[in-house]
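[1] after the sequence you'll find the predicted model.
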Amino acid sequence: MKDKFYIIIIIFLVLIIGILVGLNINSRNNNLVNIEKINNDIKDIDNKDEINIIENEVKDINIEDKNTKNEEPKIKDKYTAKDKAVIETLQNTLSDVKTKNINKESLKSTFITIVDFLFYDATIKGVTFKELSNEGKEKVLSLANKIDVAIESKVPNYKESITNTTTKIYNKASELIKKGSSNLSDFLNEKLSEEEYNSVINAKEEIVDYTKKAASYVKDSSSKILSQSKEKLNNWYQNYKNN
């Protein structure tokens, strides 16, 4: 009887141990499944983050492309049609002054016409200086300065030999043009004095005689100094000064 009792106890213990081992294995398997699920979730999160990052980068690139496309027309349209007409004329003039064998009188006459355009409301291609945009004015002043320098290199101190009474004003105009080529406000704020304006008006007859001998090399220009009487020039200046 005792042997049977012991056998039953042993079998019972084996069954209990088997059940406990089975439960432990199931628990481990469940844990492994949970761990794998967590890892997959993490991967999914990482992938989503990567996708979001990539999508954001693509959006940024698209925005940059749009901004670049929007900037291109602004660059192309930097100058108005009137700006371009005057700029082209002065660019051609600068090229001619640098590369062609132009007589001294024509070179001097070119600067007279530029001063007339910049300071006396004359026109180039039917356009006055004040009708230009600020960008156009800056470019025109830069070209005017380069033309002045190019003429000076071919005819040193040429302004002193235009007329007896205009040397001071043409030198002053040259200085203002040079300043304006690097800073437009300097040119717009620092005008010629009344005495300097009048020095050219009073020398009108001399300038007319001079330029008749040498037509200006700035093509398509209309000169107030050459085309108007001294009285009209004086009236123009008074209106200009008061406005």
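    Yep, that arrived. These numbers come from a predicted model, not from an experiment. Numbers count the residues shown, from 1 in each chain.

[2] please make it C-alpha for all contacts and neighbour counts, starting now.
    Fine.

[3] and residue 122, what does it touch?
    For residue 122, the contact set (CA atoms under 8 Å, 6 or more residues apart in numbering) comprises 116, 128, 129, 221, 222, 223, 224.

[4] out of the residues you listed, which are inside helices?
    116, 224 (DSSP state H).

[5] among the contacts of residue 122, which one lies nearest to residue 197?
    When the contacts of residue 122 are compared for distance to residue 197 (CA to CA), residue 116 comes out closest, at 10.5 Å.

[6] is it true that the closest one touches residue 218?
    No: Residue 116 is beyond contact range of residue 218, at 11.1 Å (criterion: CA atoms under 8 Å).

[7] so between these two, which is more surrounded?
    Shown here are residue 116 and residue 218; by other CA atoms under 10 Å, residue 218 has more neighbours (25 against 22).

[8] name the SS class of residue 218, please.
    coil (DSSP: H, G, I helix; E, B strand; the rest coil).

[9] save the contacts of residue 122 as JSON lines, and put in pLDDT and distance to residue 94 too.
    Below are the contacts of residue 122 laid out as JSON lines (pLDDT from 0 to 100; distance: CA to CA, whole Å):
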{"residue": "116", "pLDDT": "88", "distance to residue 94": "17"}
{"residue": "128", "pLDDT": "93", "distance to residue 94": "19"}
{"residue": "129", "pLDDT": "94", "distance to residue 94": "18"}
{"residue": "221", "pLDDT": "80", "distance to residue 94": "15"}
{"residue": "222", "pLDDT": "80", "distance to residue 94": "18"}
{"residue": "223", "pLDDT": "77", "distance to residue 94": "19"}
{"residue": "224", "pLDDT": "73", "distance to residue 94": "22"}
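
[10] can I assume residue 178 sits in a helix?
    Yes: counting by three-state DSSP, residue 178 is part of a helix.

[11] report pLDDT for it.
    What the model reports as pLDDT for residue 178 is 94.

[12] list the contacts of residue 180.
    Neighbours of residue 180 in contact, by CA under 8 Å, 6+ apart: 138, 141, 142, 186, 187, 188.

[13] nearest spatial neighbour of the fourth one, skipping sequence neighbours?
    What that stands for is residue 186. For residue 186, ignoring the flanking residues on the chain, the nearest one in space by CA to CA, 6 or more residues apart in numbering is residue 180 at 5.7 Å.

[14] how close does residue 235 get to residue 227?
    According to CA to CA, to the nearest Å, residue 235 stands 14 Å off from residue 227.

[15] which elements pack onto the host helix or strand of residue 197?
    Using DSSP states H and E, residue 197 maps to helix 194-202. Helices and strands touching helix 194-202, as assessed by 3 or more CA pairs under 8 Å, 6 or more residues apart in numbering; DSSP states H and E, comprise helix 167-182, helix 230-242.

[16] possible to save the contacts of residue 122 as CSV with distance to residue 88?
    Formatted as CSV, the contacts of residue 122 follow (distance: CA to CA, whole Å):
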residue, distance to residue 88
116, 18
128, 14
129, 14
221, 13
222, 16
223, 18
224, 21
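
[17] which among the contacts of residue 122 end up buried?
    By neighbour count, with 16 or more other CA atoms under 10 Å, the contacts of residue 122 hold 116, 128, 129, 221, 222, 223, 224 as buried.

[18] correct me, but the second one touches residue 121?
    This means residue 128. Yes: counting by CA under 8 Å, residue 128 does reach residue 121; the two are 5.9 Å apart.
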